[in-house]
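>>> Just need the structure, nothing else, for what follows:
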Amino acid sequence: MRRLKLFLLFMGLTLSFVSVAYADESAILEVQVEGIKNKKGEVGVALFSSTMGYPTHLEHAYETEWIPYEKGEGSLIFNFEGLPPGDYAVSVLHDTNGNRKVDRTGLGFPKEGVGFSNDQKVTLKAPSFKKSKFPLTAGESKKIVIQLEYRKD
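Predicted coordinates:
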């Protein structure tokens, strides 16, 4: 019985040290979204940790946040905390009609405002994860700014 108590005490101490070490390893990312033109709808920021689904399939994002857009706000800030170190890419959508997906023109271009990390732009196709990715290191606190782009019809 005494051995069991000592073992449980040892395991509890070990796990507490591991959790403290892990907490120090996590990173924080602040995403500032600029250039929101239309004063309605909501803005969504999707954080991807792999190529799967990037940039428009939000169901594959590591984390997604949505904020209703209020008139008079010049920009919006999104915070992602407790991130493990690694490579990430961000895509932003200004969803004016509330369907939380990228609506497209007949040619496939976004109808609503979009933005991507590393200042990537939509050309004939969406930017790749490889070109949009950036590293987050253990314990890092990083801020990126994403400028939304609206296509002219």
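
>>> For the rest of this, base every contact and every neighbour count on C-alpha atoms.
Fine.

>>> so what pLDDT did the residue nearest to the spatial centre of the chain get?
The residue lying closest to the centre of the chain (CA atoms, centre = their mean) is residue 47, at 2.3 Å. Note on residue 47: pLDDT of 98.

>>> distance of it from residue 39?
24 Å (CA to CA, to the nearest Å).

>>> What of residue 52?
31 Å.

>>> which residues in this structure form helices?
2-25, 129-132 (DSSP state H).

>>> my guess is the residue nearest to the centre of the chain contacts residue 87, does it?
No: here residue 47 lies out of contact with residue 87, judged by CA atoms under 8 Å, at a distance of 10.3 Å.

>>> Residue 70: how many residues sit nearby?
12 (other CA atoms under 10 Å).

>>> Now do the same contact list for it.
39, 40 (CA atoms under 8 Å, 6 or more residues apart in numbering).

>>> 10 Å instead, please
The contact partners of residue 70, by CA atoms under 10 Å, 6 or more residues apart in numbering, come to 39, 40, 41, 42, 76.

>>> Over to residue 126?
Contacts of residue 126 (CA under 10 Å, 6+ apart): 54, 55, 56, 108, 109, 110, 116, 120.

>>> Against residue 27, how distant is it?
To residue 27, residue 126 is 27 Å away according to CA to CA.

>>> which of the contacts of residue 126 tops the neighbour count?
Ranked by the number of neighbours (other CA under 10 Å), these place residue 116 first, at 29 neighbours.

>>> Check the spacing between that residue and residue 25 real quick.
Distance, residue 116 to residue 25, by CA to CA: 26 Å.

>>> that older thread, can you add pLDDT and give the contacts of residue 126 back as TSV?
Formatted as TSV, those follow (pLDDT from 0 to 100):
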residue	pLDDT
54	97
55	96
56	91
108	85
109	90
110	92
116	98
120	96
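
>>> Name the nearest of those residues relative to residue 139.
residue 116 (23.5 Å; CA to CA).

>>> My guess is that closest one contacts residue 94. True?
No: the criterion here is CA atoms under 10 Å, and residue 116 misses it with residue 94 at 12.0 Å.

>>> tell me, what's touching these two both at once?
Common neighbours of residue 116 and residue 94 (criterion: CA under 10 Å, 6+ apart): 33, 45, 148, 149.

>>> could you pull out the strands for the protein?
27-34, 42-48, 63-68, 75-83, 86-95, 113-116, 134-136, 141-147 (DSSP state E).
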